[in-house]
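J.: sequence? don't have it. structure:
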């Protein structure tokens, strides 16, 4: 766990790596529109299927604190599914797990990056890509708008990380559009010996 706020660490790193500026801006101005949803899947040798439970920020804090010490009841590993990422969750996970800021920067930027700023994935050397323990996938989801989307433009999704929504020319009796989304995954080992996989989702 880092001894200073994760946001300060990201700002310091951005002075050497300009592609982190979008993440800095997000951490500086983000006001969550929605509560961040977190689900834990715990894998144990005594069970064929993982144990699933929805957790809140307090549960996540306790989980990360307990996982830094070896316990007889520690599962083999966990998958944390985080939906609608927020500044608080970035700060908590980044500082507790010592996560490379590029992981969050890649997720925040995604397909809605500002042209004047470099994309994090393009600022990483191929030799460094092989050593990364994370990846980010961008995709589009089809939306149906009905008959009331004529002339609509400049739409953003109502998530903590706003994404661009595009409305296509009209089809018979309806309008179809695409919403940008991002899914980011990270795999790390905890100090207690178990593994932890994180997934940022936008649904």
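T.: Perfect, thanks for sending it. Quick caveat, the model's predicted, so the values are computed rather than measured.
J.: in the protein, what helix or strand scores lowest on average pLDDT?
T.: helix 126-129 (a mean of 64; mean pLDDT, DSSP states H and E).
J.: which residues touch stretch 163-171?
T.: Here stretch 163-171 makes contact (Cβ atoms under 8 Å, 6 or more residues apart in numbering) with 110-112, 143, 145, 149-150, 152-153, 155-157, 175-182, 202. Any C-beta I mention is one placed from the backbone N, CA and C, and that applies to glycine too.
J.: again, only this time at 10 Å
T.: 110-112, 138, 140-145, 147, 149-158, 175-182, 202 (Cβ atoms under 10 Å, 6 or more residues apart in numbering).
J.: next up, the contacts around the closest residue to residue 61 other than its chain neighbours.
T.: Ranked by Cβ to Cβ, 6 or more residues apart in numbering and with sequence neighbours excluded, the top spatial neighbour of residue 61 is residue 92, at 6.4 Å. Contact analysis of residue 92 by Cβ under 10 Å, 6+ apart lists 6, 36, 57, 60-61, 64, 86.
J.: lowest pLDDT pick from these?
T.: Minimum pLDDT for the contacts of residue 92 is recorded at residue 64 (87).
J.: where does pLDDT dip in this protein?
T.: Along the chain, segments meeting pLDDT under 70 span 1-3, 67-73, 110-130, 150-151, 192, 203.
J.: all helices of it, in order?
T.: Assigned by DSSP state H, the helices in the chain fall at 6-14, 21-29, 57-66, 87-97, 101-109, 126-129.
J.: and the fourth one, how far out from the chain middle?
T.: Taking Cα atoms, centre = their mean, to the nearest Å, one finds helix 87-97 lying 11 Å from the centre of the chain it belongs to.
J.: cool, thanks, signing off.
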